[in-house]
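[1] Below: sequence and its predicted model.
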Amino acid sequence: MNRPTAGEVFRYPFLWKREQLTGETEGRKTRPVCIAVTVARADGETVVFILPITTQPPLPSRKSIEVPQIESQRVGLDTHVRKWIMLDEINTDILERSYVWEDRTPIGAFSSAFTSRIQSSLIALARSGGASVIDRLK
């Protein structure tokens, strides 16, 4: 099994915080997501930090990065629709035993420059306590 790397884009049933708060345990639909960070644990398992990509314009109170058109093209997403990577909601999952992540073939990868921008923005947000993590590591 190939391990995903930061910046790769997959389809994944992302679970939003509002869905989790109503008792849901599965994402309602498979959507494009970006791998922000991967962590290899001592037990050999890989924890992935997953950010959703949405076409819904974020509310002003939300933290996001707009996906440039060239980056949408790079990963094979529609270029005629604006997209945002939401930074304030994160799913964590274990690659080797995820029961929700079925297709582990990346649809593409963002450039290293854009990936670095995502990661630095996410780190700054995490340090300020502004991100909500949904732990799907079970």
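    Received it, and whenever you're ready, just let me know what you need.

[2] ok now stretch 82-97, how far from the chain's centre?
    In terms of Cα atoms, centre = their mean, to the nearest Å, the centre of stretch 82-97 is found 2 Å from the chain centre.

[3] Grab the longest helix from the protein for me.
    helix 112-127 (DSSP state H).

[4] and it, average pLDDT?
    Helix 112-127 shows a mean pLDDT of 92 in the predicted model.

[5] Can you show me the helices along the protein?
    Secondary structure of the chain by DSSP H: the helices cover 17-21, 69-75, 112-127.

[6] closest one to residue 49 among those?
    Relative to residue 49, the nearest member of these by Cβ to Cβ is helix 112-127, separated by 7.9 Å. All C-beta spots, glycine's among them, are computed from the backbone N, C-alpha and C.

[7] Buried residues in that closest one, which are they?
    Neighbour-count burial for helix 112-127, counted by 16 or more other Cβ atoms under 10 Å, picks out 114, 115, 117, 118, 121, 122, 126.

[8] thinking the third one is in contact with residue 67, fair?
    No. Here residue 117 does not reach residue 67: they are 10.7 Å apart, not a contact under Cβ atoms under 8 Å.

[9] so who does the one residue sitting closest to the centre of the chain touch?
    In the chain, the residue lying closest to the centroid (Cα atoms, centre = their mean) is residue 51, at 1.9 Å. Residue 51 is in contact with 33, 34, 35, 36, 85, 86, 87, 89, 90, 118, 122, counting by Cβ atoms under 8 Å, 6 or more residues apart in numbering.

[10] can I get those in CSV with distance to residue 133?
    Listed next are these as CSV, based on distance: Cβ to Cβ, whole Å:
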residue, distance to residue 133
33, 14
34, 15
35, 15
36, 11
85, 15
86, 12
87, 12
89, 8
90, 5
118, 16
122, 11
